Structures are given as structure tokens and as C-alpha cells.
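*Asks:* Structure, please.
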Amino acid sequence: MGTVMRVDHDGDLTNQYVQAFRNKHVFDNFGSQYPQHLIEVAVNADAVSQSVNAMLQQNSIDYVSAAGHGTYDTFIGRDGSPIWDYSQNLGLFSGKIVHLLACQTGALLGREIIQQGAKAFWGYTVNFVFKHSAQPTSLDKDNVAEVFIKMDIIIDRGVLAGKNAADIYDSIERYMAKVLLSLPALDRGLLLSNFVHLACPAIDWGDRAAVL
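*Replies:* Numbers count the residues shown, from 1 in each chain. Below is the predicted model:
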């Protein structure tokens, strides 16, 4: 059993897509799928530094699952507001598993999170990219975008199911093998880039045996 902190927002189309699929595959049925876990939520207007860090300070969080924009040294929340950056005290992450679906944050911020005591980190060292349909009937039914975002959702679902890093990484590899050949060449290259630049404890970002 663990306590999960969810952070994401609908501030622009990119984040609306990510939030829609996180809801669909992880959070809409969180209570029934993962009854062993508790959840604390900082979404939309609460996806800002003051709310998120107060939640981290006031609760015993075991797993942080956050989606937003990012740079190499900063995770960015609602309205372009920085939530965590490389230069600040990141001891709030000590003993936690951290997953950031955000461009570039695995490069410097992720390593610093590990250096300051996190058990494990999942993220991306360059831009996480995805394509989407021009006019989807609804965001969570956009099959083009779902292929890309679903690769990342495997991380959340694996951590919440109690899997270690090696097992989660194996699940991602099997997913890639399943979907790649059915994609157009450009889409295949974009998805492969996300996979190749995945920062994870199965490689070098924390304890590969860490579980929730």
C-alpha cells in the first residue's frame, strides 16, 4: 500500500491530451483498480508550486506521478509556473518513486532528484513528442495520440501494480514491438525517440528494485 500524488493540468492542448489519457487509463477508475493505494491530487488550478509542495510536505507520499511541460532543469506546471527546479532543495522527494511526463526533465532535474534521495526516477532526457488528429471527436478517443502517450502510461500502471523497473521496462519494450511496425515511418521515428530517451531506474536513474 502506498500514497500517490497526481499532478497535471489542462492549461494547453498538449497537457489536455496527456490529462485525458491519464484519466482514461489510470485515474478515472483509480479506486477500483488500485484499492491498495491512497491518492492526493493537485490538478488544473492546483498544479502550481505552492499547492504541490504543500501537499508533499503535509502528506507521506510514496509515488509522484506528474505531467506538465519541462526543460532540462525545471518541471513546469499550470500557466508556465515552475514547480521544481534543479537548484532548489529537492529533499521532499527522498524515499519516493518519481515519474515526470515532461520534456527534458530527466537530464538534469531527474538526476538531481535521485542525488537528493529519491528511490527511483522515470522521465525523458529530451522532448517527449506525440502527434494527434486534426479534429478528434474527443481527445481520449484520438488513436493517433494514444499510441504515443500510452507508452508512458505503462510506467504509471506498472508502478501502481507493484512492478519493479526491470519488469516495467520489459512491458514498454513489448509494447514498442507490438505497435511500431503498424505506424507510418514518421510516427515510428517519433515514438522510438521517446523510448530511446527514456530515463529510468532500469538503466541508471535510481534503484531498479524499487517498488511501491
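
*Asks:* Residue 130 falls within a strand, correct?
*Replies:* No: under DSSP: H, G, I helix; E, B strand; the rest coil, residue 130 falls outside any strand and is assigned coil.

*Asks:* Tell me, how many residues neighbour it?
*Replies:* Applying other C-beta atoms under 10 Å, we find 22 other residues in the vicinity of residue 130. For glycine as for every other residue, the C-beta is placed from the backbone atoms N, C-alpha and C.

*Asks:* Which helix or strand contains the spatially closest residue to it that is not a sequence neighbour?
*Replies:* Spatial nearest neighbour of residue 130, excluding adjacent residues (C-beta to C-beta, 6 or more residues apart in numbering): residue 148 at 3.3 Å. Here residue 148, judged by DSSP states H and E, is contained in helix 143-160.

*Asks:* residues near the residue nearest to residue 130, how many?
*Replies:* Counted with other C-beta under 10 Å, residue 148 comes out at 22.

*Asks:* That one is in contact with residue 194, isn't it?
*Replies:* Yes: taking C-beta atoms under 8 Å as the definition, residue 148 is a contact partner of residue 194 at 6.7 Å.

*Asks:* which neighbours do those two share?
*Replies:* The contact sets of residue 148 and residue 194 overlap at 129-130 (C-beta atoms under 8 Å, 6 or more residues apart in numbering).

*Asks:* As a check, name the ranges of all helices in the chain.
*Replies:* With DSSP state H, the ranges of helices along the chain come out as 13-22, 30-33, 49-58, 109-115, 143-160, 165-179, 185-196.

*Asks:* who does the longest one touch, helix- and strand-wise?
*Replies:* Using 3 or more C-beta pairs under 8 Å, 6 or more residues apart in numbering; DSSP states H and E, the elements in contact with helix 143-160 are helix 13-22, strand 63-67, strand 97-101, helix 165-179, helix 185-196.
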